[in-house]
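> 3D model of this:
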Amino acid sequence: MRTYYYNCMPFQSNPPTEEERRRFSSMDKFIYTIKRLPRFDVKLGRLSCVAGEFVQKRVDISLAVDMVRMSCAKVIGKAVLVTGDSDFVPAIEAAKEMGVLVTLYYSPSSIHDELLSAVDESFVITEGLIRQVER
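So this is what the prediction gives:
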C-alpha cells in the first residue's frame, strides 16, 4: 500500500518576504518529512495568481488521474480520500466502475452533498478520530 500526498508549495514573490520564506521553509520541511516515510509519495502541483487570488494548479487533476489510472490497471482495490471537493466525483465514479471501494474522510464544515453520495463509505474527521490515529 502507498499513500500519495497532493499539494503545492506556498507562493514566494521575488524577492520573497520574510513571511513567505517562513511559510515556504515550513512546507519544505513538512514535504521532506513525508517523503522520508515508508511508502509515501508526494505529488506537487504549482501555485498561480489569478486575478489577485492564489489558486492551486495540477493538484486535483493529478489526484484524479492517478486514481482512475490505478483503478483501470487494477493496481488498487480501495481508495481513501481526504477532501470535501466535489470535483472528484467523476474520478470516484470511474474508480467505482472498475470495482474500487472508495472511502472518504471529511470535515463537516466543508463537504459537498454530491461528494458524500458518490463514495461507498464516509467518515467525519473528529478530534476523537485524530486521537485514535495518534495512538
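
> so which elements touch the lowest-mean-pLDDT helix or strand in the chain?
Here the helix or strand of the chain ranked lowest by mean pLDDT, DSSP states H and E is helix 127-134, holding a mean of 80. Packing contacts for helix 127-134, counted by 3 or more C-beta pairs under 8 Å, 6 or more residues apart in numbering; DSSP states H and E, involve no helix or strand. In short, each C-beta sits where N, CA and C put it, glycine included.

> CA atoms of that helix as CSV?
Presented in CSV, the C-alpha positions along helix 127-134 are these (Å, rounded to 0.1, in the frame of the first residue of the first chain):
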residue,chain,number,x,y,z
GLU,A,127,-10.9,15.1,17.4
GLY,A,128,-11.6,11.5,18.6
LEU,A,129,-10.6,10.0,15.3
ILE,A,130,-7.4,12.0,15.3
ARG,A,131,-6.6,11.0,18.9
GLN,A,132,-7.3,7.3,17.9
VAL,A,133,-4.8,7.6,15.0
GLU,A,134,-2.2,9.2,17.2
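
> from here on, call the first residue 683.
That works, and once the first residue is 683, the last one we named lands at helix 809-816.

> contacts for it, please.
By C-beta atoms under 8 Å, 6 or more residues apart in numbering, the residues outside helix 809-816 that reach it are 787, 805.

> repeat for stretch 699-715
Contact with stretch 699-715 is made by 689, 691, 692, 693, 694, 695, 698, 724, 726, as judged by C-beta under 8 Å, 6+ apart.

> can you get me a residue count around the first one?
The burial count assigned to residue 689 is 16, neighbours taken as other C-beta atoms under 10 Å.

> partner residues bridging it?
When assigned by DSSP bridges, residue 689 has beta-bridge partners residue 726.

> check the secondary structure at the residue of the chain most remote from its centre for me.
Here the chain reaches farthest from its C-alpha mean at residue 697, the gap being 29.3 Å by C-alpha atoms, centre = their mean. The three-state label given to residue 697 by DSSP: H, G, I helix; E, B strand; the rest coil is coil.
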